[in-house]
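Peer 1: Starting from these lines, generate the structure:
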Amino acid sequence: MLNLLFNTRDEQTKVDLAKIVYFEADGNYTHVIFMNNYKATISVGLTKIEKLLEMQLKDNPGQYIVNRSFIFQINILKQKLLLSNMEHMPVFSLSIAKEALKKLRDIQIKKDDGNSNR
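Peer 2: Residues are numbered from 1 along each chain as shown. This is a model prediction of the structure:
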């Protein structure tokens, strides 16, 4: 299990990366959205978090970093990305630009080595 630890003068937040669905930018802060729908806010910008992560996807400029293992559906026409493990967590819906979704779809197809239905 890979954890990140964020420290400030008054607070410490430990984040288990396997349980994060996505990070969302909010100025100099970042909202961390977990599988159980809990939302924690940390006083670190998204660009700093992006540098720390290997599971990153930042195709919607400055807005989200998505845990790709939770991608359930990419809907380019509706400009929606649905995230869920389809078992023990809700379905999260993110509005993302068409071009970013097209890039993500292409990444997912390459990652799947062509074994997906197109």
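Peer 1: use CA for all of it now, contacts and neighbours both
Peer 2: Noted.
Peer 1: before we move on, which element is residue 93 in?
Peer 2: Following DSSP states H and E, one finds residue 93 within strand 92-95.
Peer 1: starting at the chain centroid, how far to that strand?
Peer 2: 10 Å (C-alpha atoms, centre = their mean, to the nearest Å).
Peer 1: For that strand, buried residues please.
Peer 2: residue 92 (16 or more other C-alpha atoms under 10 Å).
Peer 1: which residues are contacting it?
Peer 2: The set of residues external to strand 92-95 that reach it, using C-alpha atoms under 8 Å, 6 or more residues apart in numbering, is 79-84.
Peer 1: Quick one: buried ones out of those?
Peer 2: The neighbour count (16+ other C-alpha under 10 Å) marks 79-81, 83-84 as buried among the contacts of strand 92-95.
Peer 1: Using TSV, please lay out those together with secondary structure and pLDDT.
Peer 2: Compiled in TSV, the buried ones among the contacts of strand 92-95 are given as follows (DSSP: H, G, I helix; E, B strand; the rest coil; pLDDT from 0 to 100):
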residue	secondary structure	pLDDT
79	coil	94
80	strand	94
81	strand	94
83	strand	93
84	coil	91
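Peer 1: Mind putting those into TSV with distance to residue 103?
Peer 2: Converted to TSV, the buried ones among the contacts of strand 92-95 look like this (distance: C-alpha to C-alpha, whole Å):
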residue	distance to residue 103
79	13
80	13
81	12
83	16
84	20
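Peer 1: Nothing else from me, thank you.
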